[in-house]
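Peer 1: sequence-free structure coming up:
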């Protein structure tokens, strides 16, 4: 997994919490003005997170997150081919995953998305981007993936 724009490794220290299958271990997500100002994860070894197919589900669970690509809190999930020379852009060759459902229990929201790769060569990475356009606190608790 790669964490884009995390030069001070602020987010890297918290990543194990989102893969431990425990919804009680969450970490605060960046707000405008923070460094980095967004969370951009790039999963590059999909088999390590249970994905071996070109069709799979991604679940993102957190507190005060929204399951939308546009709005005060944005969640973008997409598949792409590999980034070359560590140069990535969310606009280049990224195929967004389809939002399926949102479930809220207490304060936690789980967003479920279906991803379908256009070809095996464009199915090497899953990119997850969370961006806030306001200063309301929010946190990420879990990310999981599985074949459909």
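Peer 2: Thanks, I have it. Given the structure is predicted, the values throughout are model-derived calculations rather than measurements.

Peer 1: Any idea what the most centrally placed residue in the chain is bridged to?
Peer 2: Here the mean C-alpha position of the chain is nearest to the C-alpha of residue 128 (Cα atoms, centre = their mean), at a distance of 2.6 Å. For residue 128, the residues forming beta bridges with it (DSSP bridges) are residue 41, residue 77.

Peer 1: quick one, what contacts it?
Peer 2: 39, 40, 41, 42, 43, 58, 60, 75, 76, 77, 143 (Cβ atoms under 8 Å, 6 or more residues apart in numbering). Heads up, the C-betas are built off the backbone N, CA and C, glycines and all.

Peer 1: change it to 10 Å
Peer 2: Contact partners of residue 128, counting by Cβ atoms under 10 Å, 6 or more residues apart in numbering, are 1, 18, 39-43, 58, 60, 75-78, 97, 113, 140, 143, 145.

Peer 1: confidence score at it?
Peer 2: You'll see residue 128 listed with a pLDDT of 93.

Peer 1: Same question for residue 92.
Peer 2: Residue 92 carries a pLDDT value of 54.

Peer 1: looking at this, residue 51 is in a helix?
Peer 2: No - using DSSP: H, G, I helix; E, B strand; the rest coil, the assignment for residue 51 is coil, not a helix.

Peer 1: Please look at it and residue 143 and confirm they touch.
Peer 2: No - between residue 51 and residue 143 there is no contact under Cβ atoms under 10 Å: 11.9 Å.

Peer 1: Give me the common contacts of these two.
Peer 2: 43, 58, 126.
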